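Student: heads up, no residue letters with this:
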């Protein structure tokens, strides 16, 4: 019999608590044809039939040409990443609860930390956090803890809106005040950022490239923050650090990022990992796990969990975070990916992605009447384009008519940006695919124009 820990009475009590009469009522929002009752009720099938069924279900999937980015990118993942990270020695010992017995896992984490610290050009990195948004939140709370009596965090509006919503959610019951500095046509307003940093500011947080793909050097903003005794946080795309100015070179105190571009597939949103690195002076404020290398009494190298300031080890009120683990398998994939690519390989990926984004932007602006770049700022593998039609409608119709997602409609998160499309490219996109994208956009824009003409004529 299946392992079902709850009795009928307990299930009835839970249903009553949430205000429904039965399990069917609980799932009423799911369309009946999407509830696999017969499949779940099956007594079991032979292996061959199960494989056939799974293949039939997989064939229902439709391949979609995508130029969607918004923080998550479809990079090529070498087969060796799956082969190495999937070894049972790693998978079955994925988290070092008994640190002394997990030397291989601890060494892999140590090497991951080293790689991330070098990539960011900062002193220390942790063993990873849950995702990019979590890492950004933890960086902001680091600023508040370090500043002690200051609670204000200045945020640039160019930070991914998904992560900004996470900040608001996580900090809802904490003494943290977020001050949002608006963009100028998708580009950061550095003078406004400086003006917002005052003697009550614990930290300033920015993103590079920002949500609209704009590349900026925040060295002067970070220097101003230092004068005001505030810390500087920057969220980055790890792949693009191979060609852009690093957080360390800009003078940032803390750098964070979403590690998905480093060997993680676009697997319906996860699992992913958050990256974090900081200056040595802040290492005791760093949340989560931190692996160090030492020697035993016989001089042999050993790896340990060090600077344990998690609530598993000390009083909750003094813990740096309630994060008690790390995304170790995802971090391992990132380490394998970085090791396989090397500095030049990572640079090639970044340069090819940037080149394709510039090619796509030029083709769209040149060939689609009424289309223009949102601003004249330099951009990397992502670019914001103002269209002659609503971007949300364009995306929906391109997907329905051509199985193509041309990008992210900025109007979903930014007022006044209803006609702005944020398009992303990686090294996997080709000039031929850009041609398909152009044809799809032209067709849909013509369709929208014709539909509007018909409506005007009644």
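Tutor: Structure received. Bear in mind the structure is a predicted one, so any value in this text is a computation, not a measurement.

Student: contacts and neighbour counts: CA atoms only from here.
Tutor: OK.

Student: and the closest residue to residue 176 other than its chain neighbours, how many neighbours does it have?
Tutor: Once flanking residues are discounted, residue 176 sits nearest to residue 151: 4.9 Å by CA to CA, 6 or more residues apart in numbering. Burial of residue 151 is recorded as 20 neighbouring residues (other CA atoms under 10 Å).

Student: please name the residues that touch residue 151.
Tutor: Counting by CA atoms under 8 Å, 6 or more residues apart in numbering, residue 151 touches 144, 175, 176, 177, 200, 201, 202.

Student: from the residues you listed, which shows the smallest pLDDT?
Tutor: Among these, residue 175 carries the weakest pLDDT, at 90.

Student: buried sites along the lengthiest helix in the chain?
Tutor: In the chain, assigned by DSSP state H, the helix with the most residues is helix 328-367. Applying a neighbour-count criterion of 16 or more other CA atoms under 10 Å, one finds 328-339, 341, 346-358, 360-361, 364-365 buried in helix 328-367.

Student: now stretch 71-85
Tutor: 71, 72, 73, 74, 75, 77, 81, 85.

Student: same question, stretch 431-438
Tutor: 433, 434, 437, 438.

Student: same check, this time on stretch 189-200
Tutor: Judged by neighbour count using 16+ other CA under 10 Å, the buried positions of stretch 189-200 are 189, 190, 193, 194, 196, 197, 198, 200.

Student: ok, these vs residue 379, which is closest?
Tutor: Distance to residue 379, by CA to CA, is smallest for residue 189 among the buried residues of stretch 189-200, at 15.6 Å.

Student: pretty sure the closest one is touching residue 183, no?
Tutor: Yes: counting by CA atoms under 8 Å, residue 189 touches residue 183, with 5.7 Å between them.

Student: quick one: name whatever helix or strand follows the strand ranked longest in the chain.
Tutor: When the chain is parsed with DSSP state E, its longest strand is strand 201-208. Once the chain leaves strand 201-208, the next helix or strand it forms, by DSSP states H and E, is helix 219-227.

Student: what's around the residue lying closest to residue 354 once chain neighbours are set aside, how many residues?
Tutor: Leaving aside its sequence neighbours, residue 354 sits nearest to residue 381 (CA to CA, 6+ apart; 4.1 Å). Counted with other CA under 10 Å, the neighbours of residue 381 add up to 25.

Student: ok, residue 381 - contacts?
Tutor: By CA under 8 Å, 6+ apart, the contact set of residue 381 is 213, 350, 353, 354, 355, 356, 357, 358, 424, 425, 426.

Student: so for it, what's the pLDDT?
Tutor: Confidence score, pLDDT, at residue 381: 97.

Student: separation between it and residue 198?
Tutor: Residue 381 is 34 Å from residue 198, where distance means CA to CA, to the nearest Å.

Student: so what's residue 405 up against?
Tutor: By CA under 8 Å, 6+ apart, the residues touching residue 405 are 64, 65, 66, 67, 68, 395, 396, 398, 399.

Student: adding neighbour count and secondary structure, write these out as CSV.
Tutor: Listed next are the contacts of residue 405 as CSV, based on neighbours: other CA atoms under 10 Å; DSSP: H, G, I helix; E, B strand; the rest coil:
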residue, neighbour count, secondary structure
64, 11, coil
65, 17, strand
66, 20, strand
67, 25, coil
68, 22, coil
395, 20, helix
396, 17, helix
398, 22, helix
399, 17, helix
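
Student: residue 226: which of those is nearest?
Tutor: Comparing the contacts of residue 405 against residue 226 with CA to CA places residue 68 closest, at 36.2 Å.

Student: correct me, but the closest one touches residue 426?
Tutor: No: Residue 68 is not in contact with residue 426 according to CA under 8 Å; the separation is 10.0 Å.

Student: give me the pLDDT for the nearest residue to residue 279 once chain neighbours are set aside.
Tutor: Excluding the flanking residues, the one nearest residue 279 by CA to CA, 6+ apart is residue 123, at 5.0 Å. Looking at residue 123, its pLDDT stands at 97.

Student: what count of nearby residues applies to residue 123?
Tutor: 19.

Student: what of residue 182?
Tutor: Taking other CA under 10 Å as the neighbour definition, residue 182 ends up with a count of 16.

Student: wait, it touches residue 189, no?
Tutor: Yes: using CA under 8 Å, residue 182 is in contact with residue 189, at 7.2 Å.

Student: contacting residues around the residue nearest to residue 279?
Tutor: Per CA under 8 Å, 6+ apart, neighbours of residue 123: 117, 277, 278, 279, 280.

Student: now do the phi/psi pair for the fourth one.
Tutor: What that stands for is residue 279. Main-chain torsions, residue 279, degrees, to the nearest 10: phi -70, psi 150.

Student: ok, it touching residue 254?
Tutor: Yes: using CA under 8 Å, residue 279 makes contact with residue 254 at a distance of 6.7 Å.

Student: what's the overlap in contacts for the two?
Tutor: Residues touching both residue 279 and residue 254 do not exist when contact is defined as CA under 8 Å, 6+ apart.

Student: for those two, indicate the residue with more neighbours.
Tutor: Shown here are residue 279 and residue 254; by other CA under 10 Å, residue 254 has more neighbours (31 against 18).

Student: just give me the neighbour total for the closest residue to that one other than its chain neighbours.
Tutor: Of all residues not flanking residue 254 in the chain, residue 278 sits nearest, at 4.3 Å (CA to CA, 6+ apart). Residue 278 is flanked by 26 other residues according to other CA under 10 Å.

Student: residue 228 now?
Tutor: Residue 228 is flanked by 17 other residues according to other CA under 10 Å.

Student: likewise for the one 10 residues further on?
Tutor: Applying the criterion other CA under 10 Å, we find 22 residues in the vicinity of residue 238.

Student: from residue 274, how far off is it?
Tutor: Relative to residue 274, residue 238 is positioned 11 Å away (CA to CA).

Student: returning to that earlier point: just the buried residues out of the contacts of residue 151, in ChimeraX syntax.
Tutor: The ChimeraX command for the buried members of the contacts of residue 151 (criterion: 16+ other CA under 10 Å) is given here:
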select :144,176,177,200,201,202
